[in-house]
Structures are given as structure tokens and as C-alpha cells.
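Engineer: sequence and predicted structure, then a few things I'm wondering about:
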Amino acid sequence: MKAWEVIGYAADADIWCPACAREAYGPLTDQSEDHEGNLIHPIFACDEWDYPLVCHCCHEALTE
Ligand SMILES: [Zn+2]
């Protein structure tokens with residue numbers, strides 16, 4: 001897995017895998033906004049999180 005690979009998105013205070021994010025928000029660009037009007041943040045493979053990232057929609061783990 002490449003460090004700069006986008007493994008998911010943070011939007012509406014939830015974590016989304018790429019497939020669910022596209023389904024919920026449509027085609028994603030760096031200007032895409034969530035339902036609260038905030039920018040949707042891509043999550044990169046190199047980002048460090050204190051807890052395992054799981055898509056809140058399909059419950060798939062984003063990391064291994
Ligand atoms: Zn998902």
C-alpha cells in the first residue's frame with residue numbers, strides 16, 4: 001500500500017470508505033463538501049490514527 005494512497009474519507013463526523021463516500025456524496029474532488037458544508041477530507045494510508053478506521057456505513061476496516 002502506498003503512503004499517499006487515499007484509503008477513505010472523513011465527512012459529516014464519520015469515516016467512510018471510498019466506495020461508500022462516492023455513493024453518499026457523488027464524485028469526490030478536493031472541493032467536495034459534506035452535508036454540513038464542510039470539506040470532505042481524504043484519509044491517506046500514511047496518516048496515523050489512535051483507533052482502527054472502520055467505514056461507518058459498510059463497517060469495512062480501512063486499514064489492515
Ligand atoms: Zn463503506
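Structural biologist: Ah, there it is.
Engineer: what about this structure, any weak spots by pLDDT?
Structural biologist: Applying pLDDT under 70 to the chain picks out residues 1, 64.
Engineer: what does it put close to the ion?
Structural biologist: 17, 20, 55, 57-58 (CB under 5 Å from the ion). Where C-beta positions appear, they are placed from N, C-alpha and C, glycine not excepted.
Engineer: among those residues, which one has the most neighbours?
Structural biologist: Among these, the one with the most neighbours (other CB atoms under 10 Å) is residue 17, at 22 neighbours.
Engineer: wait, that one sits on residue 63?
Structural biologist: No: taking contacts as CB atoms under 8 Å, residue 17 lies outside contact range of residue 63: 10.8 Å.
Engineer: got any residues that touch both of these two?
Structural biologist: residue 7 (CB atoms under 8 Å, 6 or more residues apart in numbering).
Engineer: helix or strand for residue 22, which one?
Structural biologist: Per DSSP states H and E, residue 22 falls inside helix 18-25.
Engineer: just checking, what packs against that helix?
Structural biologist: Contacts defined by 3 or more CB pairs under 8 Å, 6 or more residues apart in numbering; DSSP states H and E place helix 18-25 against strand 6-11.
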